[in-house]
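Peer 1: pasting the structure only:
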């Protein structure tokens with residue numbers, strides 16, 4: 001090891017943290033004051049301790065770097081390393097590791113120099129963030145931005161939007177000094193004619209004179225020759241109290257703004273003309289209400305200023321309105337609040353309804369300096385209001401005379417009127433029916449439904465039509481048809497709703513009796529189906545009993561085939577009885593019943609069914625289809641079956657492309673003519689297939705056996721009820 005005193009000589013006063021580590025165990029032999037301060041330790045706590053014991057939180061890579069320097073003697077440097085020093089916020093260090101050699105060149109230890117770069121790194125990150133912010137600003141802000149450098153206002157940076165506004169490329173304008181700006185940018189004074197001198201431009205004044213410029217209007221001529229008014233603001237860039245280092249200019253196109261201001265001026269002039277055109281009189285008074293301008297007032301009433309002075313203007317007001325108008329005007333003068341009133345005024349053509357409105361004009365201190373008023377004609381509105389009141393009176397007369405419950409609500413559905421029939425029937429008057437109180441008259445089972453549909457009608461503005469039970473004053477409920485329609489104003493907005501409740505109790509009682517009759521009829525039909533099914537099963541049982549007593553093989557086979565056919569019809573009727581409407585058969589139920597019936601004739605048979613849930617077929621075609629499937633299954637079961645498992649008879653049905661596909665699959669199906677029953681079965685199958693317009697197809701393969709498929713058309717209702725993929729239903733094996 002070298003002389004520690006030699007290292008201490010330069011390390012004690014060094015701001016860098018210095019440590020000397022010795023040997024393979026990296027034992028700490030020396031640390032300077034800066035190291036102790038950074039680690040938050042004392043010298044006694046560190047010297048002669050192994051590094052791993054003193055700093056157990058050092059990472060594996062950091063320990064490996066120390067060992068690498070000690071092993072091969074090559075120096076190592078790491079930048080911005082986080083070390084487990086102290087208890088405060090984490091700090092970053094630049095670390096240099098150098099080998100310490102003895103007089104023979106052997107490495108005996110490691111010298112570690114650590115420089116705290118936390119502040120530098122933070123400043124660097126802040127500078128990078130500021131640069132990124134400035135870059136984003138110059139790329140995306142919808143304003144023209146220009147940076148210039150002192151002292152000659154040489155352009156250093158131009159924003160994307162600024163280049164777009166002037167129609168120039170960056171290389172055309174960057175690194176040019178102030179003397180060339182007017183030529184490059186073609187800047188003119190606000191008159192658009194006088195060229196700007198370099199020293200007059202806002203950016204030049206900011207850079208060379210330290211001047212702050214706000215909202216100056218200049219004219220910029222674009223490359224295409226178009227003149228564009230721009231609003232400019234500029235300011236110097238400098239440290240507090242230091243020299244100007246540059247300047248920044250912000251400008252934007254105010255073409256639209258100037259156009260808007262011009263349009264506003266036109267609109268204001270039009271507004272003044274409109275007020276004067278629409279008003280009978282425009283007048284001005286002193287703060288105490290004395291008439292000053294009388295031209296239009298004289299033209300309206302014939303009164304001069306002298307005649308209208310004081311309370312003389314009241315002579316032009318209708319006698320019934322004078323005291324009210326005088327009180328309203330005096331109140332406005334006293335409070336300074338706007339004056340607004342309606343009255344009848346005498347004109348050369350007679351009395352007319354007018355609306356008078358006056359507003360106080362004030363000075364900067366808020367004192368009233370004059371009143372400006374306008375008098376407008378409202379005669380037509382008043383006449384319309386009178387006509388409306390007459391119309392409403394006629395409506396109420398009609399509503400009280402009608403043999404219905406009549407009501408009216410506002411646009412939000414709040415009751416405004418209930419006729420006497422409503423009150424007499426329900427006992428609820430307008431105050432009790434306010435808000436949603438009217439719903440107390442509804443049957444509890446109808447209240448929620450009617451409330452929801454009424455809310456939908458209010459939201460959509462559509463007409464309302466529903467039946468509900470309304471409680472009478474005596475506690476009984478009677479069915480009523482409730483209808484309502486919106487009444488709209490000329491702008492299409494709903495003003496209110498008008499509705500009626502018509503007694504339909506007799507109609508509902510008749511419908512109930514009809515439903516009861518239909519239910520009784522369905523019960524009779526189901527009972528008939530039940531008796532037909534039982535009779536068919538009885539016939540099948542008798543045939544099965546008779547076949548067991550016939551010695552001739554051919555005759556016995558004919559009887560067994562007839563038994564299966566009768567049994568198939570019975571099973572189809574059983575599936576029909578399971579349907580909800582006795583008009584369509586669920587294919588899943590029918591296949592299950594056919595399979596169950598076949599196992600009666602062939603005990604131990606393995607028959608498996610598959611059909612989507614909801615797939616149906618009309619009863620007229622379902623029964624012939626059941627006979628066909630029964631023949632096919634019977635033909636399959638008459639043949640010798642393999643003794644090994646895995647050869648079931650499969651009945652499957654599915655909807656494909658608007659058609660019903662039904663198949664029977666097994667290696668033994670052949671529609672053979674080996675027996676009279678087989679020959680008759682094939683004849684029956686083909687005859688029934690023609691009857692229901694079904695296509696018959698037979699596929700035979702040595703590997704997969706034989707499959708017979710029938711395809712027939714589905715009705716529209718059956719296609720609509722056919723389930724989508726994933727709603728299949730599979731039957732269990734039937735043995």
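Peer 2: Yep, that arrived. None of these values were measured; they are calculated from a predicted model.
Peer 1: distance-wise, check the closest residue to residue 287 other than its chain neighbours relative to residue 356.
Peer 2: Nearest residue to residue 287, sequence neighbours excluded (C-beta to C-beta, 6 or more residues apart in numbering): residue 368, at 4.5 Å. Glycine gets a C-beta too; all of them are placed from N, C-alpha and C. Residue 368 sits at a distance of 18 Å from residue 356 (criterion: C-beta to C-beta, to the nearest Å).
Peer 1: which one's more surrounded, those two?
Peer 2: Shown here are residue 368 and residue 356; by other C-beta atoms under 10 Å, residue 356 has more neighbours (21 against 14).
Peer 1: show me what counts as buried in the helix or strand hosting that one.
Peer 2: When elements are defined using DSSP states H and E, residue 356 is found to belong to strand 350-362. Using 16 or more other C-beta atoms under 10 Å as the test for burial, strand 350-362 gives 352, 353, 354, 355, 356, 358, 359, 360.
Peer 1: I'd say the first one and residue 375 touch.
Peer 2: Right, residue 352. No. The pair residue 352 / residue 375 is not scored as a contact, 10.1 Å apart, by C-beta atoms under 8 Å.
Peer 1: pull up the gap between the residue nearest to residue 192 when sequence neighbours are not counted and residue 162, please.
Peer 2: On the basis of C-beta to C-beta, 6+ apart, the spatially nearest residue to residue 192 that is not a chain neighbour turns out to be residue 219, at 4.3 Å. Distance of residue 219 to residue 162, computed by C-beta to C-beta: 16 Å.
Peer 1: so the two - more neighbours on which side?
Peer 2: Neighbour comparison, residue 219 and residue 162: the larger count goes to residue 162, with 24 against 18 (by other C-beta under 10 Å).
Peer 1: just checking, what packs against the strand holding residue 356?
Peer 2: strand 339-347, strand 368-377, helix 379-401 (3 or more C-beta pairs under 8 Å, 6 or more residues apart in numbering; DSSP states H and E).
Peer 1: packing partners of the longest one?
Peer 2: Spelled out, that is helix 379-401. With contacts defined as 3+ C-beta pairs under 8 Å, 6+ apart, the packing partners of helix 379-401 are strand 350-362.
Peer 1: what does the first one give?
Peer 2: Where contact means 3+ C-beta pairs under 8 Å, 6+ apart, strand 339-347 is packed against helix 295-301, helix 322-335, strand 350-362, strand 368-377.
Peer 1: kindly recompute the last result at 10 Å.
Peer 2: Using 3 or more C-beta pairs under 10 Å, 6 or more residues apart in numbering; DSSP states H and E as the contact criterion, the secondary-structure elements in contact with strand 339-347 are strand 279-285, helix 295-301, helix 322-335, strand 350-362, strand 368-377, helix 379-401.
Peer 1: residues in contact with the residue nearest to residue 192?
Peer 2: For residue 219, the contact set (C-beta atoms under 10 Å, 6 or more residues apart in numbering) comprises 186-194, 196, 227-230.
Peer 1: mind telling me what element it is part of?
Peer 2: strand 213-221.
Peer 1: tell me the secondary structure at residue 647.
Peer 2: At residue 647 the chain is in coil, as set by DSSP: H, G, I helix; E, B strand; the rest coil.
Peer 1: likewise for the one 4 residues further on?
Peer 2: When states are read from three-state DSSP, the local structure at residue 651 comes out as strand.
Peer 1: quickly list what the closest residue to residue 285 other than its chain neighbours is bridged to.
Peer 2: Ranked by C-beta to C-beta, 6+ apart and with sequence neighbours excluded, the top spatial neighbour of residue 285 is residue 371, at 4.5 Å. Beta-bridge partners for residue 371, by DSSP bridges, are residue 285, residue 360.
Peer 1: OK, contacts around residue 371?
Peer 2: 283-292, 329, 332-333, 336, 338-339, 358-361.
Peer 1: just for the stretch 151-300 of the chain, where's the confidence low?
Peer 2: Screening the stretch 151-300 of the chain residue by residue with the criterion pLDDT under 70, one finds the ranges 177-185, 268-280, 293-295.
Peer 1: run a quick neighbour tally on residue 505.
Peer 2: A count of neighbours around residue 505, defined by other C-beta under 10 Å, yields 14.
Peer 1: that one and residue 462, how far apart?
Peer 2: Summarising the geometry, the distance separating residue 505 from residue 462, computed by C-beta to C-beta, is 27 Å.
Peer 1: can you tell me which of the helices and strands packed on strand 339-347 comes nearest to residue 343?
Peer 2: The minimum distance between residue 343 and these falls on helix 322-335, with 5.1 Å, by C-beta to C-beta.
Peer 1: for residue 656, which residues make a bridge with it?
Peer 2: Listed by DSSP bridges, the beta-bridge partners for residue 656 are residue 659.
Peer 1: quick check: it touching residue 711?
Peer 2: Yes. At 8.2 Å, residue 656 and residue 711 qualify as touching, with contact defined as C-beta atoms under 10 Å.
Peer 1: those two: who's more crowded?
Peer 2: residue 711 (17 against 10).
Peer 1: so which elements touch the helix or strand hosting the more buried one?
Peer 2: Here residue 711, judged by DSSP H and E, is contained in strand 705-713. Using 3+ C-beta pairs under 10 Å, 6+ apart as the contact criterion, the neighbours of strand 705-713 among helices and strands are helix 619-638, strand 649-656, strand 659-666, helix 676-691, strand 695-701.
Peer 1: out of these, which is the most enclosed?
Peer 2: Burial of these is given as mean neighbour count (mean count of other C-beta atoms under 10 Å); helix 619-638 ranks first at a mean of 23.
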